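1. Any chance you could fold what I've pasted below:
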Amino acid sequence: MLKKVVIVGAGPSGLLLAQYLLRRGDNYQVEIYERRSDPRIVAFSKSRTYPISLNERGMYALRQIEGLEAAVKDISLVMNGTIFHQRNGKTRYSPRQNPLFTLDRTNLAIAILEDLTNKYHHRLNIHFDCQCQQVDFATKTLTVINKSEVSEEVVTVHYDFLVGADGACSAVRESLKLTANFPCEQKYIPTDYKSFFLPNLDANSKINLAADKIHSWMLKDGTVVFLLHQLGKTMSGIIHFPRQQNQVANLATQQEVLNFFQANFPDIGQLMPASEAEAFGNKQPSTVLTVRCQSYHYGDSVLLIGDAAHAVSPSIGQGCNAALEDVLIFDQLLDEYSDNIPQAIAQFTVRRQPDGYALVELGNHAFPLSQGLFIEYLIRDISAKILHKLFPKNFAQPLFYLISETTVPYAEILNLYQGWIAKVKKSNEKFQDLPNNSLNLL
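-> Numbers count the residues shown, from 1 in each chain. Model prediction:
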């Protein structure tokens, strides 16, 4: 029997799920509704987004679709470790055992989208500029507003199986909360962020920012900068800063921005063009919403995946990886239950929800904000590497290695490191209440 699957959200996880479903055979017909415009026709200057990092979790999910992993690698840069920069010019290098692939989120979506449409155009319809307004779960319909340059059209769409892959502010999840007594916790983390873009280093530059490394700086007040190269002639940066008692949000003029970076992050300050400084000052800080749902499904025909189910702080780089892993796990459940969707979605909650809770905890508390505890984290990381190598049965691998270089379930990782997570959580809560006395680098 033909199943009409409606996916709300054409991000990486929604598009990959369409791939997985359509390859299962002619029983699936897929329609995707996305509120944004088609990324293939939007000028790239208007679609620049934060860079994402794909590790083994995400790459393994992509690898199951023939040719997709190679296509993504072609538009990615390989990262072999992280360099922590200090104000005195010293650095600490943390190598990776397995490569990390970094790319622009828009480019990842385009790569999956192009592969998807080339293979399955006959059983696939993708509707861009279409925003889901509400869902009627009793009649299995959703109301969509189709926006064009000249008009808006309200459309009612029927589904047999509905998937909310529409991010942290999911319209599908909000409809569940309003109409279906669907418990879900949503919290804004206490740090905001702004992104920026820098030109690549020229051949004569004395600044050393290796292209195959992620570069990180940290201030005593908990402000953190990550910078990495991208394909082409740019570097992507992101600065996270405490929402309270921090001067980053108040930087308004081009000169104020340049002065701040030159004083606190000299390498970035030297590279930042005046135009980017002005854009940074004009840009409003972005907030990060974390989401923890008690269930990832409703009834026999509604499923939430990715950020719609378990949005996480970007501090551990797992948001997209976890979302792609969701797709893989659901596909395995369809295999296990012979494409019985009601059984598969119920089991998805059973198997994945503990990992979703753990993911949010790890994202919030794997890394401390205080200087003293951050130094302890570095010492623990080195010690864990040595002890695990000597006594692999008695000592776990380092925390961040388990998160970013393995497919060990997040719930298992949290259980192994629950003592450390509890310590960081307590420290961070106290640290956020302290006055901002210094902006010196560690």
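2. Gln64 - how many residues pack around it?
-> For Gln64, the count of nearby residues is 16 (other C-beta atoms under 10 Å). (Glycine included, C-beta is placed from N, CA and C.)
3. I figured it hits Leu328, correct?
-> Yes. Gln64 lies in contact with Leu328 (C-beta atoms under 8 Å); the separation is 6.6 Å.
4. any common contacting residues for these two?
-> Tyr20 (C-beta atoms under 8 Å, 6 or more residues apart in numbering).
5. With adjacent residues omitted, what lies nearest to Leu328?
-> Ala61 (4.2 Å; C-beta to C-beta, 6 or more residues apart in numbering).
6. which residue ranges form the helices in the stretch 151-300 of the chain?
-> Counting by DSSP state H, counting those that start in this stretch, one finds helices in the stretch 151-300 of the chain at the ranges 171-179, 254-264, 266-271, 274-282.
7. ranges for the helices of the stretch 1-150 of the chain?
-> 12-22, 44-47, 56-63, 68-74, 105-120.
8. Go through those helices and find the least confident stretch.
-> The stretch with the lowest mean pLDDT among the helices of the stretch 1-150 of the chain is helix 44-47, at a mean of 48.
9. Buried ones in stretch 224-236, by neighbour count?
-> Val224, Val225, Phe226, Leu227, Leu228, His229, Gln230, Thr234, Met235, Ser236 (16 or more other C-beta atoms under 10 Å).
10. Pull the number of nearby residues for Val327.
-> Residues near Val327, counting by other C-beta under 10 Å: 28.
11. Run a quick neighbour tally on Asn88.
-> Asn88 - counted by other C-beta under 10 Å - has 8 other residues nearby.
12. which residues sit in contact with it?
-> Neighbours of Asn88 in contact, by C-beta under 8 Å, 6+ apart: none.
13. Pro99 too?
-> Contacts of Pro99 (C-beta under 8 Å, 6+ apart): Val78, Met79, Asn80.
14. returning to what we had before: which one of the buried residues of stretch 224-236 sits closest to Arg35?
-> Relative to Arg35, the closest of those is Ser236; by C-beta to C-beta it sits at 23.9 Å.
15. pLDDT wise, what is that closest one at?
-> In the prediction, the pLDDT value recorded for Ser236 is 90.
16. In contact with the closest residue to it other than its chain neighbours, which residues?
-> Among residues not flanking Ser236 along the chain, Pro51 sits closest, at 4.3 Å (C-beta to C-beta, 6+ apart). Taking C-beta under 8 Å, 6+ apart, we find Pro51 in contact with Thr102, Leu103, Asp104, Arg105, Leu228, Gln230, Ser236, Ile238.
17. Recalculate using a threshold of 10 Å.
-> By C-beta atoms under 10 Å, 6 or more residues apart in numbering, the residues touching Pro51 are 76-77, 102-105, 107-108, 195, 197, 214, 226-230, 234-238, 317.
18. just to revisit the earlier point, out of the helices of the stretch 151-300 of the chain, deepest packed?
-> helix 171-179 (a mean of 21; mean count of other C-beta atoms under 10 Å).
19. Could I have the CA atoms of that helix written out in PDB?
-> Below are the C-alpha coordinates for helix 171-179, written out as PDB (Å, rounded to 0.1, in the frame of the first residue of the first chain):
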ATOM      1  CA  ALA A 171       6.000  23.900  14.000                       C
ATOM      2  CA  VAL A 172       5.100  20.200  14.200                       C
ATOM      3  CA  ARG A 173       6.200  20.000  17.800                       C
ATOM      4  CA  GLU A 174       4.400  23.200  18.700                       C
ATOM      5  CA  SER A 175       1.200  21.800  17.300                       C
ATOM      6  CA  LEU A 176       1.700  18.700  19.400                       C
ATOM      7  CA  LYS A 177       2.200  20.800  22.500                       C
ATOM      8  CA  LEU A 178      -1.000  22.800  21.900                       C
ATOM      9  CA  THR A 179      -3.300  20.000  20.900                       C
END
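20. Val155: neighbour count?
-> 13.
21. Sorry, wrong one. I was asking about Asp74.
-> Neighbours around Asp74, by other C-beta under 10 Å: 10.
22. show me the contacts for it.
-> With C-beta under 10 Å, 6+ apart, Asp74 has these contacts: Leu103, Ala111, Leu231.
23. need those in TSV with distance to Lys389, can you?
-> Formatted as TSV, those follow (distance: C-beta to C-beta, whole Å):
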residue	distance to Lys389
Leu103	32
Ala111	37
Leu231	35
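24. Of those, just say which sits nearest to Pro398.
-> Distance to Pro398, by C-beta to C-beta, is smallest for Leu103 among the contacts of Asp74, at 25.2 Å.
25. so how far is Ala18 from the nearest residue to the closest one once chain neighbours are set aside?
-> Nearest residue to Leu103 in three dimensions, chain neighbours excluded: Ser76, at 4.3 Å (C-beta to C-beta, 6+ apart). Using C-beta to C-beta, to the nearest Å, one obtains 22 Å as the distance from Ser76 to Ala18.
26. again, but for Gln86
-> Gln86 is 46 Å from Ala18, by C-beta to C-beta.
27. Enumerate every residue touching the residue most central in space within the chain.
-> Residue closest to the average C-alpha location in the chain (C-alpha atoms, centre = their mean): Gly319, at 3.0 Å. Going by C-beta under 10 Å, 6+ apart, Gly319 touches 12-13, 50, 52-53, 58, 105, 167-168, 288, 306-307, 310-313, 359, 363.
28. tally of neighbours for Arg40?
-> Count around Arg40 with other C-beta under 10 Å applied: 13.
29. hang on, it packs against Glu34?
-> No. With contact defined as C-beta atoms under 10 Å, Arg40 does not count as touching Glu34 (12.0 Å).
30. Now do the shared contacts for those two.
-> Residues touching both Arg40 and Glu34 by C-beta under 10 Å, 6+ apart: Ala109, Leu113, Phe128.
31. For the second one, which residues are in contact?
-> I take that to be Leu113. Leu113 neighbours (C-beta under 10 Å, 6+ apart): Ala10, Pro12, Leu15, Ala18, Gln19, Ile32, Glu34, Asp38, Pro39, Arg40, Ile126.
32. and if we set it to 6 Å?
-> Leu15 (C-beta atoms under 6 Å, 6 or more residues apart in numbering).
33. and if you look at the last one?
-> Listed by C-beta under 6 Å, 6+ apart, the contact set of Phe128 reads Glu34, Ser37, Asp38.
34. Among those, name the buried ones.
-> Glu34.
35. circling back: neighbours of the residue nearest to Leu103, how many?
-> 24.
36. Need the pLDDT of it.
-> Per-residue pLDDT puts Ser76 at 94.
37. what angle separates the longest strand along the chain from helix 56-63?
-> For the chain, the strand that runs over the most residues, judged by DSSP state E, is strand 91-104. Angle of strand 91-104 versus helix 56-63, following axes from the mean of the first three to the mean of the last three C-alpha atoms, to 10 degrees, is 30 degrees.
38. Starting from Thr234, give me the distance back to the closest residue to Val78 other than its chain neighbours.
-> Nearest residue to Val78 in three dimensions, chain neighbours excluded: Pro99, at 4.7 Å (C-beta to C-beta, 6+ apart). Using C-beta to C-beta, Pro99 is found at 21 Å from Thr234.
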